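[1] Show me the folded form of this:
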Amino acid sequence: MAVNRPIVYIKGDRNAEIDHTDITVGDLLAVECADPHLKNRIKTEKILKLPQKGCHRVVVSVLEIIALLHQNFPELDIQNLGETDLIVTYEGGKKPNAWFQCGKVILVVLISFFGAAFSMMSFNNDVNVTTLFGQLYQWATGEESTGFTILELTYSIGVSVGILVFFNHFGKKRFSVDPTPIEVEMRLYENDIQTTLVENYSRKGKELDVD
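    Predicted coordinates for the structure are as follows:
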């Protein structure tokens, strides 16, 4: 007669930031099973211990965690619903300097602002927008352009509105529920970084994995 083994579902995000050195299953994985007592025991199982000093990063394979759980709970049927490799980052309890963070934000804002302004001015200069608008204005009205006409005004407004629509938000105000292009690019960049970290640790044999 077949024995019903307790089924445990685990799910972990690819990146986990930890503020303590004694890392347990509950720190990295969401755990679900029918027995609340068993669930709590699993979540408190210790996986590894990091040094107190400095910042540390390790990559842990879910197979290593499953093997550890099978040692202590051999009767379990463990099913993984999340990532197969987990990046664990420990910052050593250091809090980032608020003024330094503020300075970095201001620097990025200034670089982005002046960089975008320079790009737009370079484009306008390359296509000679001033001459083009002057000719269009003269053809439409028969008068000489002063350099600030309805064409320049609507062009400036159109560029501003186009930027707001493209980036999908103004301050904290969103124009739709869709993620902004910057959020999409940052998520793709984050995924590329995480994939590179996992592959580097695996190639160097530094990943905590089963034999």
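
[2] so D27 is in which element?
    Here D27, judged by DSSP states H and E, is contained in helix 25-28.

[3] Mean pLDDT per helix and strand in this structure: which one sits at the bottom?
    strand 169-170 (a mean of 72; mean pLDDT, DSSP states H and E).

[4] what helices or strands is that one leaning on?
    Where contact means 3 or more Cβ pairs under 8 Å, 6 or more residues apart in numbering; DSSP states H and E, strand 169-170 is not packed against any helix or strand. Bear in mind the C-beta positions are built from the backbone N, C-alpha and C, glycine included.

[5] Now find how far off-centre it is within its chain.
    Centre-to-centre, strand 169-170 and its host chain are 19 Å apart (Cα atoms, centre = their mean, to the nearest Å).

[6] What's the first helix or strand after that strand?
    strand 173-174.

[7] got the buried residues for the helix or strand just after that next one?
    Downstream of strand 173-174, the first helix or strand assigned by DSSP H and E is helix 181-203. For helix 181-203, burial by neighbour count (16 or more other Cβ atoms under 10 Å) applies to Q194, L197, V198, Y201.

[8] Any chance of TSV for the residues you listed, columns distance to G158?
    Shown next, in TSV, are the buried residues of helix 181-203 (distance: Cβ to Cβ, whole Å):
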residue	distance to G158
Q194	39
L197	43
V198	45
Y201	49
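
[9] Closest to K49 out of those residues?
    Top of the list for closeness to K49, among those and by Cβ to Cβ, is Y201 at 18.2 Å.

[10] so what's the closest one scoring on pLDDT?
    In this model, Y201 is scored at 91, pLDDT.

[11] Surely it and E207 touch.
    Yes - counting by Cβ atoms under 8 Å, Y201 touches E207, with 4.4 Å between them.

[12] Name the residues contacting each of the two.
    The contact sets of Y201 and E207 overlap at V59 (Cβ atoms under 8 Å, 6 or more residues apart in numbering).

[13] all helices of the protein, in order?
    25-28, 36-43, 62-72, 98-126, 129-141, 150-167, 181-203 (DSSP state H).

[14] And the first one, how far out from the chain middle?
    Taking Cα atoms, centre = their mean, one finds helix 25-28 lying 20 Å from the centre of the chain it belongs to.

[15] buried residues in that helix?
    Quick answer for helix 25-28 (16+ other Cβ under 10 Å): V25, D27, L28.

[16] which other helices and strands contact that helix?
    Under the contact criterion of 3+ Cβ pairs under 8 Å, 6+ apart, helix 25-28 touches strand 15-18, helix 36-43, strand 46-49, helix 62-72.
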